[in-house]
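Enquirer: This is a predicted model, with the sequence first.
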Amino acid sequence: MLYNTDFHIHTVLSPCGDLEMSPVAIIDRARALQLDILGITDHNSTRQAQVIRELGEKSGITILTGAEVTTREEVHCLVFFDRTQELEAFQVILDENLPDIKNNTDKFGYQVVVNQNSEIIYTEERLLISALPLSIDALEEIVLNLNGLFIPAHVDRLRFGLLGQLGFIPDDLRADALEISPICDLQSLCNSHPEVRKHALVSGSDAHRLAEMGRCRTLLEMNSKGFTSIKKLLTGKEEKNNSDHQSNCEFFHIVNYITTIFVILQ
């Protein structure tokens, strides 16, 4: 089956996220857009993800719980964890490494966690968009040791993307996939940086508002839509009939010149 996936969604917890991005509103919007899988990726925090996963289970929507982490190099990376135990362990690491810089709500916005009734249950006082003192290599090691998914975000972007910050994709990068942005010209990217062909490619909306959800999707062809199936597919450990990851660039399509879809064949 093909599963409509948006790997990159922010909630009310992210300082740049609109206050309309409550758990209930996100799930309702996902249902309206017929999205099957959502990645919850608040900046440097996983605290809102579990509530959305619980709501997703009631609606038949698979929720990848995680965060968008800013490394020491100021590279954004998406990370996801299957089990609550691993998610909570990673949150401890985030808390230990988040710089003690107070959030300015007038400048950056509120950073709140809400429950299923949209009631505020926690306010993060430290600024979540700060860079952590963890290198890309260190973050990669932590995530993989916790059996998570490690996906450098919008690698094509000049700001906070792997290529924009480093200028190249490290040969020894152990990413489960690379995410490219909604505005990426994939063919040009593959021509200028052929090393991206070695990795599975995904994309997401990077939504900070409800209207942005689903503007960029990844279609995953799998027998089931659980975390394990997604990880196996992205890492190539699932048997494939027609392609390998080096051919990902051939499955790039523009639908209605707006929605970017990357098809990864099983």
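Expert: Great, that's in hand.

Enquirer: what's near enough to touch A49?
Expert: I40, D42, I63, T65, G66, A67, L87 (Cβ atoms under 8 Å, 6 or more residues apart in numbering). For glycine as for every other residue, the C-beta is placed from the backbone atoms N, C-alpha and C.

Enquirer: beta partners for the first one?
Expert: Residues found in beta-bridge contact with I40 (criterion: DSSP bridges) are I9, T65.

Enquirer: what about it, distance to P152?
Expert: 18 Å (Cβ to Cβ, to the nearest Å).

Enquirer: And for the fourth one?
Expert: Distance of T65 to P152, computed by Cβ to Cβ: 18 Å.

Enquirer: what does the second one give?
Expert: Per Cβ to Cβ, D42 is found 17 Å from P152.

Enquirer: now do the fifth one
Expert: With the distance defined as Cβ to Cβ, G66 ends up 13 Å from P152.

Enquirer: Would you mind grabbing the residues shared as contacts by these two?
Expert: By Cβ under 8 Å, 6+ apart, the residues touching both G66 and P152 are L78.

Enquirer: low-scoring stretches of the chain, by residue?
Expert: The chain contains residues with pLDDT under 70 at 237-266.

Enquirer: And the helices in it, which stretches?
Expert: For the chain, the helices defined by DSSP state H occupy 23-32, 49-59, 84-97, 105-108, 136-145, 162-166, 186-192, 227-235.

Enquirer: Packing partners of the third one?
Expert: The reference is to helix 84-97. Here helix 84-97 touches helix 49-59, strand 62-70, strand 76-81, helix 136-145, going by 3 or more Cβ pairs under 8 Å, 6 or more residues apart in numbering; DSSP states H and E.

Enquirer: okay if I get the ones you listed as JSON lines plus distance to K232?
Expert: Compiled in JSON lines, those are given as follows (distance: least, Cβ to Cβ, whole Å):
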{"stretch": "helix 49-59", "distance to K232": "20"}
{"stretch": "strand 62-70", "distance to K232": "14"}
{"stretch": "strand 76-81", "distance to K232": "14"}
{"stretch": "helix 136-145", "distance to K232": "15"}
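
Enquirer: For V114, which of these is the nearest?
Expert: Each of the helices and strands packed on helix 84-97 has some distance to V114 by Cβ to Cβ; the shortest is helix 49-59, at 7.4 Å.

Enquirer: could you dump the contacts of A49 to CSV with neighbour count and distance to A177?
Expert: Output for the contacts of A49, formatted as CSV (neighbours: other Cβ atoms under 10 Å; distance: Cβ to Cβ, whole Å):
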residue, neighbour count, distance to A177
I40, 28, 17
D42, 26, 20
I63, 26, 18
T65, 27, 17
G66, 27, 13
A67, 28, 16
L87, 22, 19
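
Enquirer: Closest to K102 out of those?
Expert: D42 (18.0 Å).

Enquirer: re the thing from before, I'd like the helices of the chain as a markdown table, with distance to L128 appended.
Expert: As requested, those are exported to a markdown table (distance: least, Cβ to Cβ, whole Å):
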| stretch | distance to L128 |
| --- | --- |
| helix 23-32 | 17 |
| helix 49-59 | 13 |
| helix 84-97 | 9 |
| helix 105-108 | 9 |
| helix 136-145 | 16 |
| helix 162-166 | 19 |
| helix 186-192 | 29 |
| helix 227-235 | 24 |
